[in-house]
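*Asks:* this one's structure only:
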């Protein structure tokens with residue numbers, strides 16, 4: 001990031017308890033999300049350390065015994081604590097019809113997980129009436145956690161939680177395409193970006209880099225609601241924006257564009273994205 005001082009923002013210190021308490025109605029749900037994520041992280045890490053093999057599901061994506069075990073645990077704990085809420089998970093689908101839906105990805109990055117690479121995560125998000133209201137993403141093998149609550153900001157902290165205070169996350173303030181660094185998932189989409197926009201080197205966690213202000217955007221035109229729901233809120237609460245391929249802001253439209261708020265309209269225009277559904 002040399003030569004672009006606006007990319008490096010000081011991170012404000014926050015606390016998950018005080019943040020949640022400042023947002024009406026969110027404290028209990030956030031505490032629950034932390035509690036179930038903690039149990040899921042411990043279980044997943046035990047599987048990761050012992051090693052598990054991946055097999056292919058009918059859709060061609062990998063799955064392990066850990067994926068299913070972690071999702072079962074999350075479903076059991078969330079159902080016990082919030083029996084009226086619905087659940088949606090990658091491995092076992094949807095349960096319930098409530099407009100309060102807990103969205104679960106038990107191991108996001110199963111290919112990493114199965115080959116011993118620590119760059120996998122556990123996603124827990126709560127969607128209310130179609131909008132993500134809280135998100136907790138835990139990377140046990142990296143010892144990191146990211147979370148957000150709508151109206152309360154995005155934060156990063158060590159996992160397990162220790163003495164170090166959480167850090168408030170902010171996206172970059174880059175405002176010109178000529179200065180932008182944007183990551184793109186898949187070589188086939190790299191030519192979608194306008195000339196002059198620097199392609200950020202591919203990394204395992206581009207959305208973490210985005211909410212830290214280390215890159216300016218990420219184009220990902222694939223995946224499912226459980227992949228995107230927590231990150232849409234994390235990016236928005238860090239001051240960024242997300243637009244799906246229909247011009248909306250939903251996580252179930254096969255991905256879209258994440259970026260900081262200043263660059264977002266310029267990138268949408270350059271990509272010929274619609275600005276509304």
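*Replies:* Looks like it came in fine. Computed from a predicted structure; not experimentally measured.

*Asks:* separation between residue 214 and residue 174?
*Replies:* The spacing between residue 214 and residue 174, counted by CB to CB, to the nearest Å, is 11 Å. Any C-beta I mention is one placed from the backbone N, CA and C, and that applies to glycine too.

*Asks:* Next, the residue nearest the centre of the chain: phi, psi?
*Replies:* Centrality entry for the chain: nearest residue to the mean C-alpha point is residue 231, 2.8 Å, by CA atoms, centre = their mean. Per-residue torsions, residue 231: phi -70, psi -30 (degrees, to the nearest 10).

*Asks:* same deal with residue 132?
*Replies:* Main-chain dihedrals, residue 132, degrees, to the nearest 10: phi -70, psi 130.

*Asks:* partner residues bridging it?
*Replies:* On the basis of DSSP bridges, residue 132 is bridged to residue 127.

*Asks:* check contacts around it.
*Replies:* 103, 125, 126, 150, 229, 230, 232, 233, 251 (CB atoms under 8 Å, 6 or more residues apart in numbering).

*Asks:* again, only this time at 6 Å
*Replies:* Neighbouring residues of residue 132 by CB atoms under 6 Å, 6 or more residues apart in numbering: 125, 229, 232, 233.

*Asks:* Of these, which belong to helices?
*Replies:* 229, 232, 233 (DSSP state H).

*Asks:* and the last one, how many residues sit next to it?
*Replies:* Residues near residue 233, counting by other CB atoms under 10 Å, number 25.

*Asks:* got the contact list for it?
*Replies:* Contacts for residue 233 (CB under 6 Å, 6+ apart) come out as 132, 135, 148.

*Asks:* please redo it, this time with the cut-off set to 8 Å
*Replies:* Here residue 233 is in contact with 125, 132, 133, 134, 135, 148, 150, 154 (CB under 8 Å, 6+ apart).

*Asks:* quick one: buried residues of the host helix or strand of the fifth one?
*Replies:* Read it as residue 135. Element membership for residue 135 (DSSP states H and E) is strand 131-139. Judged by neighbour count using 16 or more other CB atoms under 10 Å, the buried positions of strand 131-139 are 132, 133, 134, 135, 136, 137, 138, 139.

*Asks:* Show me the two of the contacts of residue 132 that sit farthest apart.
*Replies:* 125 and 232 (8.7 Å; CB to CB).

*Asks:* nearest to residue 243, of the buried residues of strand 131-139?
*Replies:* Of those, the one sitting nearest to residue 243 (CB to CB) turns out to be residue 132, at 14.8 Å.

*Asks:* where in the chain is pLDDT low?
*Replies:* Applying pLDDT under 70 to the chain flags the ranges 1-25, 187-190.

*Asks:* how about the helices in it?
*Replies:* Counting by DSSP H, the helices of the chain are 16-21, 27-50, 65-81, 110-114, 206-211, 225-237, 264-271.

*Asks:* buried sites along the fourth one?
*Replies:* What it means is helix 110-114. Here helix 110-114 shows 110, 112, 113, 114 as buried, counting by 16+ other CB under 10 Å.
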